[in-house]
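**Q** got a structure for you, letters missing:
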């Protein structure tokens, strides 16, 4: 299955198609057969690697990191990440859904690890790894955003296999946050990610999150403490 419009050489045209494709999948999510989702995802995997653009500042008072994290082309790409999240959620078999999700998350986590280690080596002297970490966290958050909202009466012990994958991602993102919380765009990206996945699933360490965000609340509910007592190995192979 090929999507030639999404692969168009014209960047502006391609960005517009990303949005229209997202709207198309979102509107038809209730009518799409689950078995076509893996084929569609495979057709657009080559569009998912996160690219960083470092702009030229027009004014001396502009902040380079802020400008770099507000790339219009990346904003358009986020529509694709939300779209693949929606397509993954169509899978009704929990194991198949988790496997498909993992196939999307693993390359992003590998890149997150590489760029986080680059930041730890170079610090703020190199802005590219910082922007890349921001973009990857936003991409992961948009994959989660593509999932439908779970019922409010879901049992707290209920943890679908896909949520276990997101839980592993959450732990790795917390490690990035602890090391990089001086950067507001990073804090905003992490807040967005947890906004999308962590309420009522006990997949994040609230104490460590509060140390970086303060008393962080989402949707007016207090974030649940983690049930994980083992030391984190945040960048293990997913």
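**A** Ah, there it is. Source: prediction; values computed, not measured.
**Q** any idea which element the residue nearest the centre of the chain lies in?
**A** The centroid of the chain falls nearest to residue 140 when counting by C-alpha atoms, centre = their mean (1.1 Å). Per DSSP states H and E: residue 140 is located in helix 127-145.
**Q** Which elements pack onto that helix?
**A** In this structure, helix 127-145 packs against helix 64-68, helix 72-89, helix 94-122, helix 161-180, helix 184-197, with contacts taken as 3 or more C-beta pairs under 8 Å, 6 or more residues apart in numbering; DSSP states H and E. C-beta: built from backbone N, CA, C; applies to glycine.
**Q** what stretches of the protein score poorly on pLDDT?
**A** By pLDDT under 70, the weakly predicted segments of the chain are 1-4, 149-159, 198-238.
**Q** how about 50 then?
**A** Applying pLDDT under 50 to the chain picks out residues 1, 154-158, 199-200, 202, 215-238.
**Q** Relative to its centre, which residue of it is most distant?
**A** Outermost in the chain, C-alpha atoms, centre = their mean: residue 60 at 31.4 Å.
**Q** For it, what are phi and psi?
**A** phi -60, psi -30 (degrees, to the nearest 10).
**Q** Please apply the same query to residue 183.
**A** According to degrees, to the nearest 10, residue 183 has phi -100, psi 110.
**Q** returning to that earlier point: who wins for proximity to residue 55 among the helices and strands packed on helix 127-145?
**A** Ranking those by proximity to residue 55 (C-beta to C-beta) places helix 64-68 first, at 5.1 Å.
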